[in-house]
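>>> Here's my sequence, what's the structure:
(chains A, B, C and D)
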Protein chains: 2
Amino acid sequence: MREELAAFRDFLRRRGLKCTSQRMRVAERVLQRRDHFSAEAVMDDLRRGGEAHASKATVYRTLVLLEECRLLDSQDFGDGFRSYEPAWGVQHHDHLVCLSCRRIIEFTDHDIERSQERVANSHGFRVTSHIHRIFGYCSDCQDSTHEARQRNSRS
Amino acid sequence: MREELAAFRDFLRRRGLKCTSQRMRVAERVLQRRDHFSAEAVMDDLRRGGEAHASKATVYRTLVLLEECRLLDSQDFGDGFRSYEPAWGVQHHDHLVCLSCRRIIEFTDHDIERSQERVANSHGFRVTSHIHRIFGYCSDCQDSTHEARQRNSRS
DNA sequence: ATTCGTGCAAATATTTTGCAATTTT
DNA sequence: AAAATTGCAAAATATTTGCACGAAT
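As a prediction, the model looks like this:
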């Protein structure tokens, strides 16, 4: 994480932006996470940290910067909020999204990646990226009248 | 479309709901479409139709009903609005999206579908639907580096 | 000193909802 | 007449933005 923070500092410097305490505080919290999280969760982290927290606006603005410097990836899974995940030496993966508890399971499948290339080639299409999300119910949520587990914003 | 409208009428009757002119007007417009569309687009259709239009609230409420009676499918692709598509004897397909000319090529690939099931099973996950969009450049746009690349591309 | 950043509140944008008036059955 | 529906405006939700004040370079 030292490395990531340094990378963020460099990025700011290169862009002529300033290393403020708020930015670094947000970055620290964000770069500690390994899972998918929301902007709200970052604010909770800060609040829980007890320290002087950054404002909502600053959190959002800093998340944009972290994404621009490729320390963070974000996607909108259509849950009503944007979902962020670390992007530091993380290999490409796609997602299984549980419609009940909103859990997100990552997967990488070479067969799919290969088939994808084949399909694209057959249409003379050159791929630059893709989105592949599989929706359904995870093993914990398949039977009975499951309660939504709301496991999204916890660390 | 006659058939779909009749199905909608039956659905309303079975539920003890009323066949109002607004509902039928919205249903007519909606069921004419074949592509992906937004709630806003439905309202545009109505306005363009010149006829007395249904209110925004009624459009949204009717879309919910059409989905419940399985004449319509909807997904949130995370573009800022919910996307609807017909669900009347339409077979599943995915999309290649050209970042240059915005052309959309539909494809169906059984290998991918099968691999997808395999991946899901290996996580004890029960699939209900998926989104698979491949971004890149179509055969016509491969060398036009100058074309506008308006949108970001994530994988 | 200059340039940039922060925090607040207000603005967006899409979809939902409360409620009084109106329509369908 | 009873029950359901409409349309309006206001609410809900997540994110963005304008602006005056404050901080980093």
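
>>> quick one: A:Gln32 and A:Leu5 touch, right?
No. Counting by CB atoms under 8 Å, A:Gln32 stays clear of A:Leu5, with 10.4 Å between them. In short, each C-beta sits where N, CA and C put it, glycine included.

>>> Contact residues of chain A facing DNA strand C?
Counting by CB under 7 Å from any atom of the strand, the residues of chain A close to DNA strand C are A:12, A:16-18, A:20, A:22-23, A:52-58, A:61-62.

>>> most surrounded residue in the residues you listed?
A:Thr62 (24 neighbours; other CB atoms under 10 Å in any protein chain shown).

>>> Beyond the host helix or strand of that one, next helix or strand please.
Per DSSP states H and E: A:Thr62 is located in helix A:56-68. For helix A:56-68, the following helix or strand on the C-terminal side (DSSP H and E) is strand A:72-76.

>>> what's the next helix-or-strand element following that next one packed up against?
Per DSSP H and E, the first helix or strand lying C-terminal to strand A:72-76 is strand A:82-86. On a contact count with 3 or more CB pairs under 8 Å, 6 or more residues apart in numbering or on different chains; DSSP states H and E, strand A:82-86 meets helix A:39-48, strand A:72-76.

>>> Identify the residues contacting the helix or strand following strand A:82-86?
Downstream of strand A:82-86, the first helix or strand assigned by DSSP H and E is strand A:94-98. The contact list for strand A:94-98, computed with CB atoms under 8 Å, 6 or more residues apart in numbering or on different chains, reads A:77, A:103-109, A:112, A:131-138, A:140-141, B:119-120, B:123, B:125.

>>> so for strand A:94-98, what's the average pLDDT?
Average pLDDT, strand A:94-98: 91.

>>> Please apply the same query to stretch A:17-27.
The pLDDT scores in stretch A:17-27 average 96.

>>> Contacts (any at all) between chain B and the helix holding A:Thr62?
No. Helix A:56-68 lies out of reach of chain B by CB under 8 Å from any CB of the partner chain, never closer than 9.6 Å.

>>> okay, the angle between that helix and strand A:82-86?
Angle, helix A:56-68 to strand A:82-86, by axes from the mean of the first three to the mean of the last three CA atoms, to 10 degrees: 50 degrees.

>>> Quick one: mean pLDDT for helix A:56-68?
Helix A:56-68 shows a mean pLDDT of 96.

>>> A:Phe77: neighbouring residues, count only.
A:Phe77 - counted by other CB under 10 Å - has 19 other residues nearby.

>>> The longest strand along chain A to strand A:72-76, inter-axis angle?
The longest strand of chain A (DSSP state E) is strand A:126-137. On the basis of the same axes, to 10 degrees, strand A:126-137 is oriented at 60 degrees to strand A:72-76.

>>> Tell me which residues touch the spatially closest residue to A:Asp76 that is not a sequence neighbour, please.
In this structure, A:Asp76 finds its nearest non-sequential neighbour in B:Gly78, 2.8 Å apart by CB to CB, 6 or more residues apart in numbering or on different chains. Listed by CB under 8 Å, 6+ apart, the contact partners of B:Gly78 are A:75-78, A:82.

>>> Tell me how far B:Gly78 lies from B:Glu28.
Going from B:Gly78 to B:Glu28 by CB to CB, to the nearest Å gives 29 Å.

>>> what residues go with each domain of chain A?
Domains of chain A are assigned by automatic domain parsing as A:1-90, A:92-155.

>>> what about the last one and DNA strand D, touching?
No. Domain A:92-155 does not reach DNA strand D (CB under 7 Å from any atom of the strand); its nearest approach is 9.7 Å.

>>> any idea how far that domain is from the chain center?
The chain centroid and the centroid of domain A:92-155 are separated by 14 Å under CA atoms, centre = their mean, to the nearest Å.

>>> for the longest one, same thing?
When distances are taken as CA atoms, centre = their mean, domain A:1-90 is centred 10 Å away from the chain's centroid.

>>> Run the contact check for that domain versus DNA strand D.
Yes. Shown here: domain A:1-90 in contact with DNA strand D (CB under 7 Å from any atom of the strand) through A:18-21, A:38-40, A:56-57, A:60-61, A:64, A:80-82.

>>> one step back: a markdown table for the helices and strands packed on strand A:82-86, including mean pLDDT?
Output for the helices and strands packed on strand A:82-86, formatted as a markdown table (pLDDT from 0 to 100):
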| stretch | mean pLDDT |
| --- | --- |
| helix A:39-48 | 92 |
| strand A:72-76 | 89 |
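
>>> Roughly how far does the residue of chain A most remote from its centre sit from DNA strand C?
Relative to the C-alpha centroid of chain A, counting by CA atoms, centre = their mean, A:Ser122 is the outermost residue, at 32.3 Å. Applying CB to the nearest atom of the strand, to the nearest Å, the value for A:Ser122 to DNA strand C is 34 Å.
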